[in-house]
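*Asks:* Attaching a predicted model along with its sequence, questions to come.
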Amino acid sequence: MSGFVEKPEPVQVPGLTHLHTGKVRDLYQNEAGELVMVASDRMSAYDWVLPTEIPDKGRVLTRLSLWWFDRLADLVPHHVISTDVPAGAPADWAGRTLVCKSLTMVPVECVARGYLTGSGLAEYKQSRTVCGLALPEGLSDGSELPAPIFTPATKADVGDHDENVSYEEVARQVGAETAALLRQTTLAVYGRARDIARERGIILADTKFEFGFAATEEGERLVLADEVLTPDSSRFWPADQWQPGRAQPSYDKQFVRDWLTSPASGWDRTSEQPPPALPQEVVDATRAKYIEAYELLTGTSWQ
């Protein structure tokens, strides 16, 4: 069993209808039919939403997503309408709220990988493939791939685990034309972001995107949604410390994962017991990692 250790009650705001409480984001709909997305400070790991929050995390994700949306707009439009906090909402929603277009979401996590690690590495060790795509011999943890690859996954509910699927399965689910568009757009966005990050001394090892379709006068148009290229949805590595053959230092939630699986936590992730609260030093170090990623990528101070 997994999911929320302590599921929060949704905030009631006049004029908003609560739709969903996700691992990190709370989703509402306003009276105009627009989506109101609020990024909390919740932290998830190993399919659990942990009982300890990381201060400012939701604001880092929101501000960094907005920064990336601006730099990707010529490749694919995004769903953000405004950052206005709805009337009557808590003051804490400032800086973590996006008012967005309501889209018909594609039921696929669109993952791009430029380096081998994580679930891709586990599959490669067994079959020399990732999502059924053949890769050359001799790769190890952290190896750069010959070219970036599109490795889609299913969208899982809170508490469930995303499962990698083949491109052929995506085509079966959404149609060949949409599958091709998803792959093309995912790799184009990854390539742009990889180059921008590299200029700032960061390796973008892999990342996942979510897309939806918006109705326009010209027909259905693919739109980039949710968050984009944050430490929650991406693996960011310091380029000057990259060394294939081992786990890489990172700017993402790996710090939390490492503590949870260490003897210090006392937690057995194979059990059905929920994970423990994070100690203050892990909270502080994780917050610092997220802010460091923001500052390195954007070239601006968090404050």
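*Replies:* Good, I have the coordinates.
*Asks:* which residues touch stretch 253-263?
*Replies:* 43-46, 50, 231-232, 235, 247, 265, 267, 269, 275, 278-279, 282, 285-286, 289 (Cβ atoms under 8 Å, 6 or more residues apart in numbering). From N, CA and C alone the C-beta is placed, and that goes for glycine too.
*Asks:* Just the buried positions in that stretch, please.
*Replies:* By neighbour count on 16 or more other Cβ atoms under 10 Å, the buried set for stretch 253-263 is 253-256, 259-260.
*Asks:* Next: stretch 198-212.
*Replies:* By neighbour count with 16+ other Cβ under 10 Å, stretch 198-212 contains the buried residues 202-212.
*Asks:* same thing with stretch 133-145?
*Replies:* Using 16+ other Cβ under 10 Å as the test for burial, stretch 133-145 gives 133, 135, 139, 141-143, 145.
*Asks:* SS state for Ala87?
*Replies:* coil (DSSP: H, G, I helix; E, B strand; the rest coil).
*Asks:* I figured it hits Glu31, correct?
*Replies:* No. Between Ala87 and Glu31 there is no contact under Cβ atoms under 8 Å: 11.1 Å.
*Asks:* Tell me which entries of the buried residues of stretch 133-145 lie within strands.
*Replies:* Judged by DSSP state E, strands contain the following of the buried residues of stretch 133-145: 133, 145.
*Asks:* closest to Phe4 among the buried residues of stretch 133-145?
*Replies:* Using Cβ to Cβ, Asp141 is the member of the buried residues of stretch 133-145 that sits closest to Phe4, with 31.0 Å.
*Asks:* Quickly list what's touching both of Ala87 and Glu31.
*Replies:* Gly15.
*Asks:* pLDDT value on Met1, please?
*Replies:* Note on Met1: pLDDT of 45.
*Asks:* ok, Arg25 - contacts?
*Replies:* Arg25 touches 37-40, 226-227, counting by Cβ under 8 Å, 6+ apart.
*Asks:* Check those against Val165 and report the nearest one.
*Replies:* Closest to Val165, out of all of the contacts of Arg25 and judged by Cβ to Cβ, is Asp226, at 18.8 Å.
*Asks:* So that closest one sits against Glu210, correct?
*Replies:* Yes. Using Cβ under 8 Å, Asp226 is in contact with Glu210, at 4.2 Å.
*Asks:* Stretch 221-237: which residues count as buried?
*Replies:* Neighbour-count burial for stretch 221-237 flags 222-237 (criterion: 16+ other Cβ under 10 Å).
*Asks:* Kindly report the same for stretch 242-250.
*Replies:* Quick answer for stretch 242-250 (16+ other Cβ under 10 Å): 248, 250.
*Asks:* Residues contacting that stretch, please?
*Replies:* For stretch 242-250, the external contacting residues (Cβ under 8 Å, 6+ apart) are 117, 139-144, 203, 205, 235-238, 241, 254, 289.
*Asks:* ok so, going back, could you export the buried residues of stretch 133-145 as CSV, including pLDDT and distance to Gly15?
*Replies:* As requested, the buried residues of stretch 133-145 are exported to CSV (pLDDT from 0 to 100; distance: Cβ to Cβ, whole Å):
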residue, pLDDT, distance to Gly15
Leu133, 91, 47
Leu135, 94, 51
Leu139, 96, 52
Asp141, 96, 49
Gly142, 96, 48
Ser143, 97, 51
Leu145, 97, 47
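*Asks:* and of the buried residues of stretch 133-145, the nearest to Ala179?
*Replies:* Nearest to Ala179, judged by Cβ to Cβ, of these is Leu133 at 14.1 Å.
*Asks:* burial count for the nearest residue in space to that closest one that is not next to it in sequence?
*Replies:* Closest residue in space to Leu133, ignoring its immediate chain neighbours: Ile149 at 5.5 Å, by Cβ to Cβ, 6 or more residues apart in numbering. Residues near Ile149, counting by other Cβ atoms under 10 Å, number 22.
*Asks:* any idea how far Leu204 is from Ile149?
*Replies:* Remark: distance between Ile149 and Leu204 (Cβ to Cβ, to the nearest Å) = 14 Å.
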